[in-house]
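**Q** Quick one: sequence and predicted model below, then my questions.
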Amino acid sequence: WKGDPQLRYCQAILREFAKKANAEFMFPFMEPVDYVALNIPDYPKLIKNPMDLGTVKQKLEEDEYENAAQFEADVRLILWNCFKFNPAGTPVHLMGRRMETLFNTKWAE
Ligand SMILES: Cc1ccc(Nc2c(-c3ccc(O)cc3)nc3c(C)cccn23)cc1
């Protein structure tokens, strides 16, 4: 991925997501949803394709993305899962909206 400027930009976006200044709304998406710890046993019934930014970072570093579109699809999967499970207006849904806005802004650059 180091050769592909688009994938290099994906890494810059992950660094932006990981900034302490963004942690207040990024934390639910940084690691896989631990539905046991969070006491949401229905999660795996509802969300068939879990995704999180830790997994995205690992896939990028292990060259699993052929192009930036595949990276974008995984980031949007994180958001769709969030909006599907967390109803509109709930704290985590609102955090997802803030992540979505940040991503759309950086992705459009
Ligand atoms: C009872 C209840 C209700 C909602 C939640 N959501 C939630 C999620 C979450 C993230 C992405 C996602 O696709 C689904 C859920 N992550 C969290 C965290 C880190 C702390 C607290 C709540 N969290 C947890 C428990």
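**A** Now that the structure is in, tell me what you want to look at.
**Q** Kindly report the residues of the chain close to the ligand.
**A** If contacts are counted using Cβ under 6 Å from any ligand atom, the residues of the chain sitting beside the ligand are Phe27, Pro28, Val33, Leu38, Ile40, Asn81, Cys82, Phe85, Asn86, Val92. Placement of C-beta: from N, CA and C, glycine included.
**Q** hmm, try it at 8 Å
**A** If contact is defined as Cβ under 8 Å from any ligand atom, the residues of the chain in contact with the ligand are 27-29, 33-35, 38-40, 43, 47, 50, 52, 78, 81-82, 84-86, 90-92, 96.
**Q** Filter those residues down to just the buried residues.
**A** 28-29, 33, 35, 40, 43, 47, 52, 78, 81-82, 85-86, 92, 96 (16 or more other Cβ atoms under 10 Å).
**Q** Looking at the residues you listed, which are in helices?
**A** Among these, DSSP state H puts Tyr43, Ile78, Asn81, Cys82, Phe85, Val92, Gly96 in helices.
**Q** Which one of those is nearest to Leu7?
**A** Using Cβ to Cβ, Ile78 is the member of these that lies nearest Leu7, at 17.8 Å.
**Q** distance of Glu64 from the ligand?
**A** Between Glu64 and the ligand the distance, using Cβ to the nearest ligand atom, to the nearest Å, works out to 21 Å.
**Q** Looking at stretch 31-50 now, give me its mean pLDDT.
**A** Confidence over stretch 31-50 (mean pLDDT, whole number) is 98.
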